[in-house]
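Undergrad: Okay, predicted coordinates and the sequence, questions at the end:
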Amino acid sequence: MATIFGGIHCMAWFFAFPTYQEQVLWRMSVVAITCSPWFTYLTVFLLAFLDTSNVMNITIIVFCVMLYITARGVLLVLMFTTLCDLPLDAYKAVLWTSLVPHL
């Protein structure tokens with residue numbers, strides 16, 4: 001489910017952002033959200049195959065969960081801060097009656 005959520009946000013990869021830093025933050029967060037579940041599953045599977053301690057597995061799981069939560073938070077903040085720099089066309093009034101063919 002998290003990979004689908006990250007994939008949906010990947011659609012904004014080439015969108016215009018107010019600053020280059022916001023664009024890079026968006027891209028890093030999307031990659032973290034998309035890849036962290038797979039990284040967690042693969043790493044825990046490999047460590048279980050190598051018969052390592054449970055402390056290492058728990059540490060990796062906690063790290064990936066914190067990475068995912070942080071990336072989701074960054075996306076949430078970026079969504080609202082991007083609203084401060086909308087293009088001028090966003091403020092135009094739409095004549096909805098002109099879009100209905102039978103009126």
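TA: The structure has been received and is ready for your questions.

Undergrad: in the protein, which spans are strands?
TA: Counting by DSSP state E, the chain has no strands at all.

Undergrad: Now do the residue nearest the centre of it against residue 47, distance only.
TA: In the chain, the residue lying closest to the centroid (Cα atoms, centre = their mean) is residue 30, at 3.5 Å. For residue 30, the distance to residue 47 equals 26 Å [Cβ to Cβ, to the nearest Å]. For the C-beta atoms, the positions are set from N, CA and C on the backbone; glycine is no exception.

Undergrad: Please apply the same query to residue 83.
TA: Using Cβ to Cβ, residue 83 is found at 42 Å from residue 47.

Undergrad: mind showing which ranges of this protein have poor pLDDT?
TA: Applying pLDDT under 70 to the chain flags residues 103.

Undergrad: ok, now which ones touch residue 85?
TA: Residue 85 makes contacts with residue 18, as judged by Cβ atoms under 8 Å, 6 or more residues apart in numbering.

Undergrad: circling back: so between residue 83 and residue 47, which is more surrounded?
TA: Using other Cβ atoms under 10 Å as the criterion, residue 83 and residue 47 rank with residue 47 on top: 15 against 9.

Undergrad: my guess is the more buried one contacts residue 55, does it?
TA: No: between residue 47 and residue 55 there is no contact under Cβ atoms under 8 Å: 10.6 Å.

Undergrad: Compute the number of surrounding residues for residue 64.
TA: Using other Cβ under 10 Å, residue 64 has 20 neighbouring residues.

Undergrad: brain fart, residue 6
TA: The tally of other residues near residue 6 (other Cβ under 10 Å) stands at 22.

Undergrad: Quickly note the distance from the residue nearest to residue 10 when sequence neighbours are not counted to residue 40.
TA: The shortest distance from residue 10 to any residue other than its chain neighbours is 5.3 Å, reached at residue 30 (Cβ to Cβ, 6 or more residues apart in numbering). Distance from residue 30 to residue 40, counting by Cβ to Cβ: 17 Å.
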